[in-house]
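1. take a look and give me a structure for this.
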Amino acid sequence: MLKQIIAATKLPSEFCASLVGVDLAQFSDWMEGRKPVPSFILPELSSVLGVREMDITASDGVKRPSAETITPAVWYKLRDENLIDRDREMVGLIRKLGFFLGQLQQVRGERLLEYSPLFGTVRNGVDKNLPPSAQGIQAARVFRGASSLQHGQSGIGELIRPYFRKIGLLLVESPLKGSKLEGCCFSVGSSDTLTPCLFANSFGATWFRRNAVLMHELCHAIFDLEDDPVALDFIERSEGFSTQTLLNEARAQAFAQEALVPKTVLVQFTNKFGVKWSNLSANDIGRLIAETHVEQKLLLKAALDAGFITDEQRAGYEAISCSSEVKAYSTHALNTREYLKLRAEESPKWIGEYRNTDIGTRSLRVPVRYIDEVIKALNDGIITTGKAAEMAMMEKQTFVKRFRNLIQSPESA
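-> Residues are numbered from 1 along each chain as shown. Got it, this is the predicted structure:
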């Protein structure tokens, strides 16, 4: 059955072998039924594939359902023609990370489920009879109030990542070069430890743009995951959507804008900086981007909806280049080299390359907070260095070399 399940996921067998740390020949023996899958591999394989262990190990003499019946719908939706192998493999890597996240929470004796009542509060606070965009706006206002992220009526881009992790969501921002996928949302973990995951493709996407992507995916997690195993959002795609998907997208777009840059925030900065919307300069736009934590296009769309500018003015302001002005106000606009030069140091918790996995030919940028928690569990004596490296999805030597200055006793590691 393993062979049929792998075929249903459309994941290359070579990738699946590297994902669980065995050579292709050994994995092929499992797929063909020549050798049984080792019991210690089953929980991880079950979590990554999203099937029960018994479905992987069922003997030929037992009547079994088809792979199409037992394989989660998430993998069938990932057959979308706009997706490529590296997209599906990224999902596989994230599902592996979700498995280790569950293990980490178990050894630390914690299970973060604060997102569940929050999601319920937001859903219950929305009038389902309203048009999708109006639902999104209403949901964003409930979210800002229930999450306490609206204090100060300022941009919340600096706060959303730690907040998402605090309430128990898995947040992954990793580059997917050559992919049409901008973001997606799906659940990870075993059946008893399912966790919503928000993913943003960081390749070529600014921090300001990813703020909107993450909020967009959060809306999908709140409203759509119960009925749809995965929400896929593409950089450019104008056709092929079902009516329900279009409605969900309209709600998510409105939610992201209202959550990140509501009219109250624009009013706050208009008064604070004496902004003249009728005559914005590059410096004005750059400062507003830095303060609201959203990209230029979304900022101006919000200003248009708030009645501060006209369509004609928005078109003119969108044509203004203000990248240097944004850099003057926010370090989030700097590239890696510029940031490190500013700090005059190399922090392994910040540098993306230090958090890249080395599984097969694919790479995943493991979240900073997750690495922090793994190292904390190691320093607390809860897990060994070998297990910490495994949870970080790295070779032991690589893990120790990269994070030696964060490990309390690296010489004994």
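
2. wait, residue 241 sits on residue 249?
-> Yes - contact criterion Cβ atoms under 8 Å: residue 241 and residue 249 qualify, at 7.2 Å. Quick note: C-beta positions are derived from backbone N, CA and C, even for glycine.

3. contact partners of stretch 308-315?
-> 266, 270, 277, 278, 300, 301, 303, 304, 317 (Cβ atoms under 8 Å, 6 or more residues apart in numbering).

4. go through the residues you listed and say which is closest to residue 10.
-> Nearest to residue 10 among the contacts of stretch 308-315, counting by Cβ to Cβ, is residue 301 at 36.3 Å.

5. check contacts around the closest residue to the closest one other than its chain neighbours.
-> Nearest non-adjacent residue to residue 301, counting by Cβ to Cβ, 6 or more residues apart in numbering: residue 257, 6.6 Å away. Residue 257 makes contact with 140, 212, 298, 301, 302, 305 under the criterion Cβ under 8 Å, 6+ apart.

6. look up how far residue 133 lies from residue 257.
-> As judged by Cβ to Cβ, to the nearest Å, residue 257 and residue 133 stand 9 Å apart.

7. now the closest residue to residue 12 other than its chain neighbours: phi and psi?
-> Using Cβ to Cβ, 6+ apart and skipping residues adjacent in sequence, the residue nearest residue 12 is residue 85, 6.4 Å away. For residue 85, the backbone dihedrals (degrees, to the nearest 10) come out as phi -50, psi -40.

8. work out for me the element residue 86 sits within.
-> Residue 86 is part of helix 85-107, with elements assigned from DSSP states H and E.

9. just give me how far that helix sits from the chain centre.
-> Taking Cα atoms, centre = their mean, to the nearest Å, one finds the center of helix 85-107 at 12 Å from the center of the full chain.

10. where does pLDDT dip in the stretch 1-150 of the chain?
-> 58-71, 150 (pLDDT under 70).

11. what about the helices in it?
-> 2-9, 13-19, 24-32, 42-49, 53-57, 67-70, 73-77, 85-107, 115-124, 132-147 (DSSP state H, counting those that start in this stretch).

12. report the buried residues of the longest one.
-> Going back to what we said before, that points to helix 85-107. Buried residues in helix 85-107, counted by 16 or more other Cβ atoms under 10 Å: 86-105.

13. check the gap between residue 314 and residue 274 for me.
-> As judged by Cβ to Cβ, residue 314 and residue 274 stand 21 Å apart.

14. ok, these two, which is more surrounded?
-> Neighbours per residue (other Cβ atoms under 10 Å) separate residue 314 from residue 274, with residue 314 holding more: 17 against 8.

15. doesn't the more buried one belong to a strand?
-> No - read with DSSP: H, G, I helix; E, B strand; the rest coil, residue 314 is helix and lies in no strand.

16. show me where the stretch 301-413 of the chain has helices.
-> With DSSP H, counting those that start in this stretch as the criterion, the stretch 301-413 of the chain has helices spanning 311-318, 323-329, 336-343, 368-379, 385-391, 396-403.

17. hey, where'd the strands end up in the stretch 151-300 of the chain?
-> Applying DSSP state E, counting those that start in this stretch to the stretch 151-300 of the chain gives strands spanning 170-174, 181-188, 195-201, 230-234.

18. and of these, who's closest to residue 55?
-> The nearest among those, by Cβ to Cβ, is strand 181-188 at 18.1 Å.

19. and that closest one, what does it pack onto?
-> helix 85-107, strand 195-201, helix 207-223, strand 230-234 (3 or more Cβ pairs under 8 Å, 6 or more residues apart in numbering; DSSP states H and E).

20. pipe the ones you listed into CSV and attach distance to residue 361 per row.
-> Shown next, in CSV, are the helices and strands packed on strand 181-188 (distance: least, Cβ to Cβ, whole Å):
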stretch, distance to residue 361
helix 85-107, 9
strand 195-201, 18
helix 207-223, 25
strand 230-234, 23
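
21. what's the closest of these to residue 285?
-> Evaluated with Cβ to Cβ, these place helix 207-223 nearest to residue 285, the distance being 12.0 Å.

22. average pLDDT across that closest one?
-> The average of the pLDDT scores along helix 207-223 is 97.
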